[in-house]
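prediction below, plus the sequence it came from.
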Amino acid sequence: MHTATMAAEDGEPAKARAALEKVLQLDKSSAIALRQLGRLELTSGDYAKSAGYLRRVRDAHPNDAARCARIRTGAGVGRRSGGGRDALLASFEVEPKPI
């Protein structure tokens with residue numbers, strides 16, 4: 001994760017993407033890696049791919065309101081891609097669990 005974060009901050013999206021994909025090989029439902037990949041794809045203009053990563057976060061953690069709230073930050077994806085819209089709308093249906 002550190003390599004991916006540093007690469008993204010240094011403007012090396014290909015290196016960041018490769019590091020994040022390695023994380024997903026170890027943990028296919030890593031919310032952090034999926035969310036960062038979604039952000040990378042959003043920045044690169046691949047809205048459908050970004051929406052796919054956000055949808056995977058939602059599918060892997062459907063009852064986690066905090067993660068679903070983070071998906072809402074990808075609302076711009078929903079305006080550009082029909083796939084992002086579904087992930088965004090579903091994220092609003094999750095209720096936080098009482099502490």
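Yep, that arrived.

tell me how far T3 lies from A48.
Distance of T3 to A48, given as Cβ to Cβ, to the nearest Å: 26 Å. The way it works is simple: take the backbone N, C-alpha and C, and place the C-beta from them, glycine included.

okay, and the helix or strand of the chain with the least pLDDT?
Least confident helix or strand, the chain: helix 75-80 with a mean of 47, by mean pLDDT, DSSP states H and E.

list the buried residues for stretch 47-57?
Across stretch 47-57, burial judged by 16 or more other Cβ atoms under 10 Å covers 47, 49-57.

equivalent analysis for stretch 10-23, please.
Within stretch 10-23, the residues scored as buried using 16+ other Cβ under 10 Å are 16-17, 19-20, 23.

any chance of a markdown table for those, columns pLDDT, secondary structure and distance to S29?
Below are those laid out as a markdown table (pLDDT from 0 to 100; DSSP: H, G, I helix; E, B strand; the rest coil; distance: Cβ to Cβ, whole Å):
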| residue | pLDDT | secondary structure | distance to S29 |
| --- | --- | --- | --- |
| A16 | 93 | helix | 19 |
| R17 | 93 | helix | 18 |
| A19 | 93 | helix | 17 |
| L20 | 94 | helix | 13 |
| V23 | 94 | helix | 11 |
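
low-confidence stretches in the chain?
Along the chain, segments meeting pLDDT under 70 span 64-99.

quick one, helices of it?
2-9, 13-26, 31-44, 47-60, 65-72, 75-80, 82-91 (DSSP state H).

which strands or helices does the third one pack on?
Just to be clear, that refers to helix 31-44. Applying 3 or more Cβ pairs under 8 Å, 6 or more residues apart in numbering; DSSP states H and E, one finds that helix 31-44 makes contact with helix 2-9, helix 13-26, helix 47-60, helix 65-72, helix 75-80.
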